[in-house]
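>>> Need a 3D model of the following:
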Amino acid sequence: MNTDDYQFTLPEHLIAQSPAPVRSDSRLMVLNRTTGAVEHGHFFDLPRLLRAGDLLIANNSRVIPARLIGVKETTGAVIELLLLRPLASAGAWEVLLRPAKRVKLGQRIAFGGGELTATVTGVREDGARVVEFSASGEAFDALLETLGRLPLPPYITGYLEDPERYQTVYARERGSVAAPTAGLHFTPELLDGIRAKGVGVQYITLHVGLGTFRPVQSERVEEHRMHEEWYTVSEDTLIAADETKARGGRVVCVGTTTVRALESAWLIRNRADYGDGSARSAGREYSGYTDIFIVPGFPFHVTDALITNFHLPKSTLLMLVSALVGRERLLRAYETAVLQGYRFYSFGDAMFIV
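Numbers count the residues shown, from 1 in each chain. Below is the predicted model:
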């Protein structure tokens, strides 16, 4: 597959710079993945569109203030650091630096007048750096809350007055460096209405990192390598999915990160040979790093329907959604979205693929 096959034209004014005043007032395109039929509504219509007996599964990861602005101790040059993921050694993180060329191995970066420092200790093949912070554990978390900033995507140029608008209302587990944006449209009241409809609600955790927003730069899709992201899925959630399917309900994933976590956990669960039947015992968890790359031809084992935002051209997210609905059908729906003035990307509108 050619990466250019996932290109489309998007007018700049359709890139949302701020969230809708009320989360659930975002527009919602409903796309039938069998017929290609399109309907238009709003996200608050979701309880009507879901069916009693469906299971809604969402990502409860919380965005950390992963953007740090510091200075090189030797020269005072300003350096921007983006946390990607913690490493095994206490205080060690994989990060992106900007400008990276100005920071050599062994150099220290100071934040908050020296309250926190980071020493560069390694360079990855993909250009990411390894740093060791002067603090770890709870002390590091506390400093990060004070010194860090939310890492808004670069295409959002405005100021976000309320940082909680870049968090889902059910965000609990700290660790993401970007929001699982399909979930930004939910309100507590909407979730209550969904449960009242007889729809189950479950949560998984996938900490959104470089794997989600890293652009595809290779000409061939198959040559792209996903960056690993940490996830946790409980066996209870997989059992709930099995039971939902058995009685004719749909497993509705909120966001591409939920799809990646669930499909990764299913593959591990069904490849494992525990010998004692414990692979499907309630209480078991499937955790680890996943680099699963879902493209057309992928056999979905858990996902029946998907709630997702409108994604960047030539992105892994667009490819994942194409795997569920078909590339041509999805791109036609995107053409319709452009003509209808839907808002795109993180703070944009949503699509419900059924």
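>>> next structured bit after the helix or strand of the chain with the lowest mean pLDDT?
None of the helices or strands of the chain scores lower by mean pLDDT, DSSP states H and E than helix 210-213, at a mean of 64. Downstream of helix 210-213, the next assigned helix or strand under DSSP states H and E is strand 229-234.
>>> what's that next one packed up against?
With contacts defined as 3 or more CB pairs under 8 Å, 6 or more residues apart in numbering; DSSP states H and E, strand 229-234 has these neighbours: strand 200-206, helix 210-213, helix 256-271, strand 285-290. Just so you know, the C-beta spots here come from the backbone N, C-alpha and C atoms, and that holds for glycine as well.
>>> relative orientation of the third one and strand 285-290 in degrees?
To tie it back to what came earlier, the one meant is helix 256-271. Angle between the axes of helix 256-271 and strand 285-290 is 110 degrees (criterion: axes from the mean of the first three to the mean of the last three CA atoms, to 10 degrees).
>>> ok and helix 256-271 relative to strand 229-234, angle-wise?
Using the same axes, to 10 degrees: helix 256-271 against strand 229-234 is 60 degrees.
>>> Would you mind putting the CA coordinates of helix 256-271 into PDB?
Provided in PDB are the C-alpha atoms of helix 256-271 (Å, rounded to 0.1, in the frame of the first residue of the first chain):
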ATOM      1  CA  THR A 256      -8.400   4.200  17.900                       C
ATOM      2  CA  THR A 257      -6.300   3.800  21.100                       C
ATOM      3  CA  THR A 258      -9.100   1.600  22.600                       C
ATOM      4  CA  VAL A 259      -9.100  -0.500  19.400                       C
ATOM      5  CA  ARG A 260      -5.300  -1.000  19.600                       C
ATOM      6  CA  ALA A 261      -5.400  -2.000  23.200                       C
ATOM      7  CA  LEU A 262      -8.300  -4.400  22.900                       C
ATOM      8  CA  GLU A 263      -7.000  -6.100  19.800                       C
ATOM      9  CA  SER A 264      -3.500  -6.400  21.300                       C
ATOM     10  CA  ALA A 265      -4.900  -8.000  24.500                       C
ATOM     11  CA  TRP A 266      -7.100 -10.400  22.500                       C
ATOM     12  CA  LEU A 267      -4.000 -11.500  20.500                       C
ATOM     13  CA  ILE A 268      -2.000 -12.100  23.600                       C
ATOM     14  CA  ARG A 269      -4.900 -13.900  25.300                       C
ATOM     15  CA  ASN A 270      -5.500 -16.200  22.400                       C
ATOM     16  CA  ARG A 271      -1.900 -17.000  21.700                       C
END
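>>> buried ones in that helix?
Thr256, Thr257, Thr258, Val259, Arg260, Ala261, Leu262, Glu263, Ser264, Ala265, Trp266, Arg269 (16 or more other CB atoms under 10 Å).
>>> Break this structure down into its domains, please.
For the chain, the structural domains run 3-63+161-353, 67-147, going by automatic domain parsing.
>>> how about those domains in CSV, adding distance to Tyr155?
Shown next, in CSV, are these (distance: least, CB to CB, whole Å):
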stretch, distance to Tyr155
domain 3-63+161-353, 5
domain 67-147, 15
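>>> pLDDT weak spots in the stretch 101-250 of the chain?
Within the stretch 101-250 of the chain, the set of residues satisfying pLDDT under 70 comprises 210-214.
>>> Would you state the strands of it in chain order?
108-111, 116-123, 129-133, 173-176, 200-206, 229-234 (DSSP state E, counting those that start in this stretch).
>>> Sheet partners, orientation included, of the fourth one?
For strand 173-176, sheet partners with direction are given as strand 61-63 (parallel), following DSSP bridges.
>>> now the strand it pairs with: mean pLDDT?
Strand 61-63 shows a mean pLDDT of 97.
>>> Quick check: what element follows that strand along the chain?
Assigned by DSSP H and E, the successor of strand 61-63 is strand 67-72.
>>> What lies in contact with the helix or strand just after that next one?
Using DSSP H and E, the helix or strand that follows strand 67-72 towards the C-terminus is strand 78-86. For strand 78-86, contacts defined as CB atoms under 8 Å, 6 or more residues apart in numbering pick out 64, 66-72, 92-99, 102-103, 109, 118, 128, 131, 144, 148, 151, 177, 207, 209-210, 227-230.
>>> Mean neighbour count, the domains of the chain: which tops it?
domain 3-63+161-353 (a mean of 18; mean count of other CB atoms under 10 Å).
>>> Quick one: end-to-end distance for that domain.
Start and end residues of domain 3-63+161-353 are separated by 23 Å (CA to CA, to the nearest Å).
>>> Kind regards, and thank you for your time.
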